[in-house]
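In: my questions are about this predicted structure, shown below with the sequence.
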Amino acid sequence: MSNEKTCCCSASSCCSMESITPYDKNDKWVTDEILTPKGSVPVISTNLHFKDILGAWKVRWGIGRMNYKISPGLYAIGKPDHTSPVLVSANYKLTFDVLRKELSGLDCWILILDTKGINVWCAAGKGTFGTDELVNRISKTGLSEIVMHRKLVLPQLGAPGVSAHEVTKQTGFSVVYGPVRAKDIKAFLDSGFKATEEMRTVKFTMWDRLVLTPVELVAAAKFSLMVFGVMFLLNLFAASPFGLADFIAYTGAVVTGAVITPMLLPMIPGRAFAWKGWLLGLLWTLGFIWYSGWLVSELLLAMGYLLVLPSLSAFLAMNFTGSSTYTSFSGVIKEMKIAVPLIALSTIAGIVLVLIQSLKV
Amino acid sequence: MKHRYLKNVATLNLASEKCIGCGRCAEVCPHRVFSINERKAQIVDKDLCMECGACAKNCPTNAITVDPGVGCAAAVIIGWLTGSEPSCDCSSAEGC
């Protein structure tokens, strides 16, 4: 292995090796290059810089989330050689950062598949983190000439897309599924590729749920702008125009469905997400109506909001099934067949009551 | 706190006679639905299954069947509206 600080690929004389993995020379996370029998490979840092942290924050809020990716190919951590382990991952930059920051002090190869900038689990579900892409990537990078062993460590959550025995049949590489979380990789490698039950179990902690809520909130906010637009237009000829109280009641229902329900998820009684959202939405709406004294002064409006707002929270909570780690397709279908008609009916009835009150027709 | 979703809905099925006890299903399952006893896989708690399909995909003898799908309401709605198969198409939809 070469210890040269820089590769002189631009000069013609000393280096005929081409880079296996293209990368942007401005990327701070590439610290060096390492020579292999098949060409040079970028060596990557195990430290995150400000730009990486800012990038993670942006995608959590849905900014540029669909185009946050790196080049697929082979990367190096430390000074790997032909005996070093090969870890396989996805080309979503957020995934890549979470992985590399756990690898300090290790010497290993990272084989990045082209998952179109999607994380391992979602990509495995879609099949882009899959058998075919893995087989192709192994041959494109010439991995079998770079390492002498024949073992790949895949993230466990890649398993819905990859057929381990099929990969072995087609490439000769055996597949070991590593832990669910990147933070357990060191322990996994140190113990001779053994994952504990704990390492193999997907969790969904309150923090895990909380980091997913900004994207839900941004989506709800886009929709809410339309609602506010309609309210504004109605105000032009309303007998009793919408005001701050209506705004707070509505926004509270959105936050209840898109943030509070996901956060408190396992503590809310019941199992269906729409039910959980509806229940909290009802509590919010009842509380707000009681506080505003609408039950006495504006009964029609109160009834209308009691029909609309909990339904809105229910709908937003139901959408969180897509972010959750434990809902089955069959379960979601069953839930929706009951919840969607109820939400629709309740919302329509509620809107009619609110309009009657507001326009005094 | 353990998360539990709806009961008696998962399409997971294990044909024990085909099982060779390799343990792949127990290795890949993110919710620990399987255990291996006397060289045979067993379904311990079917209601924990989220139908990700990892077990079936990695079973070398096709002893496991499951209708894999995304448990994502937004994807289902888009599927209903467009008349297509629900797919967790994160590139167009929000969420997931």
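Out: Cool, got the structure.
In: could you tell me which helix of chain B is the longest one?
Out: If you go by DSSP state H, chain B has its longest helix at helix B:73-82.
In: so where do the helices sit in chain B?
Out: B:24-28, B:54-58, B:73-82.
In: before we move on, the earlier item: need the CA coordinates for the longest helix of chain B. PDB is fine.
Out: The C-alpha atoms that make up helix B:73-82 are tabulated as PDB, following Å, rounded to 0.1, in the frame of the first residue of the first chain:
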ATOM      1  CA  ALA B  73     -50.400   5.900   4.500                       C
ATOM      2  CA  ALA B  74     -49.200   8.700   2.200                       C
ATOM      3  CA  ALA B  75     -48.100   6.000  -0.300                       C
ATOM      4  CA  VAL B  76     -51.400   4.200   0.000                       C
ATOM      5  CA  ILE B  77     -53.300   7.400  -0.700                       C
ATOM      6  CA  ILE B  78     -51.200   8.200  -3.800                       C
ATOM      7  CA  GLY B  79     -51.800   4.600  -4.900                       C
ATOM      8  CA  TRP B  80     -55.600   5.000  -4.500                       C
ATOM      9  CA  LEU B  81     -55.600   8.300  -6.300                       C
ATOM     10  CA  THR B  82     -53.400   7.200  -9.200                       C
END
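In: can you pull out the low-pLDDT segments for chain B?
Out: For chain B, the stretches flagged by pLDDT under 70 are B:1, B:87-96.
In: try 90 this time
Out: Screening chain B residue by residue with the criterion pLDDT under 90, one finds the ranges B:1-2, B:68-96.
In: ok, and does the strand or helix carrying residue A:219 reach over to chain B?
Out: Assigned by DSSP states H and E, residue A:219 belongs to helix A:206-235. Yes: contact between helix A:206-235 and chain B, assessed by C-beta under 8 Å from any C-beta of the partner chain, occurs at A:215-216, A:218-219. To be clear about C-beta, it is placed using only N, CA and C from the backbone, and glycine gets the same treatment.
In: pLDDT and distance to residue A:21 added to these, as TSV?
Out: As requested, these are exported to TSV (pLDDT from 0 to 100; distance: C-beta to C-beta, whole Å):
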residue	pLDDT	distance to residue A:21
A:215	90	30
A:216	90	35
A:218	92	33
A:219	90	34
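In: among the helices of chain B, which is nearest residue B:44?
Out: Evaluated with C-beta to C-beta, the helices of chain B place helix B:24-28 nearest to residue B:44, the distance being 9.3 Å.
In: residues contacting the closest one, please?
Out: Judged by C-beta atoms under 8 Å, 6 or more residues apart in numbering or on different chains, the contacts made with helix B:24-28 from elsewhere in the structure are A:156, A:159, A:164, A:177, A:200, B:32-36, B:41, B:54-55, B:58-60, B:64.
In: OK, contacts around the residue nearest the centre of chain B?
Out: The C-alpha lying nearest the average C-alpha coordinate of chain B belongs to residue B:51 (C-alpha atoms, centre = their mean; 2.1 Å). Contacts of residue B:51 were listed using C-beta under 8 Å, 6+ apart, and they are A:328-330, B:10-12, B:66-69, B:71.
In: mind doing that once more with 10 Å?
Out: A:160, A:327-332, B:9-12, B:66-71 (C-beta atoms under 10 Å, 6 or more residues apart in numbering or on different chains).
In: repeat for residue A:24
Out: The contact partners of residue A:24, by C-beta under 10 Å, 6+ apart, come to A:30, A:70-71.
In: so which of those sit within strands?
Out: Using DSSP state E, the members of the contacts of residue A:24 that fall in strands are residue A:30.
In: may I ask which of the contacts of residue A:24 has the most neighbours?
Out: Each of these was scored by neighbour count (other C-beta atoms under 10 Å in any protein chain shown); the top score is that of residue A:70, with 24 neighbours.
In: got the contact list for that one?
Out: With contacts defined as C-beta under 10 Å, 6+ apart, the neighbours of residue A:70 are A:21-24, A:27, A:29-30, A:42, A:44, A:90-93, A:95-97, A:112, A:117.
In: report pLDDT for it.
Out: According to the model's per-residue confidence, residue A:70 sits at a pLDDT of 95.
In: gap between it and chain B?
Out: Spatial separation of residue A:70 from chain B under the definition C-beta to the nearest C-beta, to the nearest Å is 17 Å.
In: and for residue A:262?
Out: The spacing between residue A:262 and chain B, counted by C-beta to the nearest C-beta, is 11 Å.
In: name the SS class of that residue, please.
Out: Taking DSSP: H, G, I helix; E, B strand; the rest coil as the rule, one finds residue A:262 in the helix state.
In: ok, how many other residues are close to it?
Out: By the other C-beta under 10 Å criterion, the neighbourhood of residue A:262 contains 25 residues.
In: same question, the one 3 residues further on
Out: Other residues near residue A:265 come to 20 when the count uses other C-beta under 10 Å.
In: likewise the one 3 residues further on?
Out: Each residue near residue A:268 was counted by other C-beta under 10 Å, and the total is 17.
In: and residue B:10, by the same measure?
Out: If you count neighbours by other C-beta under 10 Å, residue B:10 ends up with 23.
In: what about it, distance to residue B:71?
Out: If you measure residue B:10 against residue B:71 using C-beta to C-beta, to the nearest Å, the figure is 10 Å.
In: shared neighbours, these two?
Out: Residues touching both residue B:10 and residue B:71 (C-beta under 10 Å, 6+ apart): A:328-331, B:50-51.
In: closest to residue A:190 among these?
Out: Nearest to residue A:190 among the shared contacts of residue B:10 and residue B:71, counting by C-beta to C-beta, is residue B:50 at 30.0 Å.
In: find the nearest non-adjacent residue to that closest one, please.
Out: Using C-beta to C-beta, 6 or more residues apart in numbering or on different chains and skipping residues adjacent in sequence, the residue nearest residue B:50 is residue A:328, 4.7 Å away.
In: for that neighbour, which residues are in contact?
Out: Applying C-beta under 10 Å, 6+ apart, one finds that residue A:328 lies in contact with A:321, A:334, B:5-6, B:9-12, B:31, B:47-52, B:66-71.
In: which among the residues you listed end up buried?
Out: Buried residues within the contacts of residue A:328, counting neighbours by 16 or more other C-beta atoms under 10 Å in any protein chain shown: A:321, A:334, B:5-6, B:9-10, B:12, B:31, B:47-52, B:66, B:68-71.
In: let's see the helix or strand of chain A with the lowest mean pLDDT as CSV, backbone CA atoms only.
Out: Taking mean pLDDT, DSSP states H and E as the measure, chain A has helix A:294-297 as its least confident helix or strand, at a mean of 82. Written as CSV, here are the backbone C-alpha positions of helix A:294-297 (Å, rounded to 0.1, in the frame of the first residue of the first chain):
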residue,chain,number,x,y,z
TRP,A,294,-67.1,29.1,22.6
LEU,A,295,-69.4,26.4,24.0
VAL,A,296,-71.5,29.2,25.4
SER,A,297,-71.1,32.0,22.9
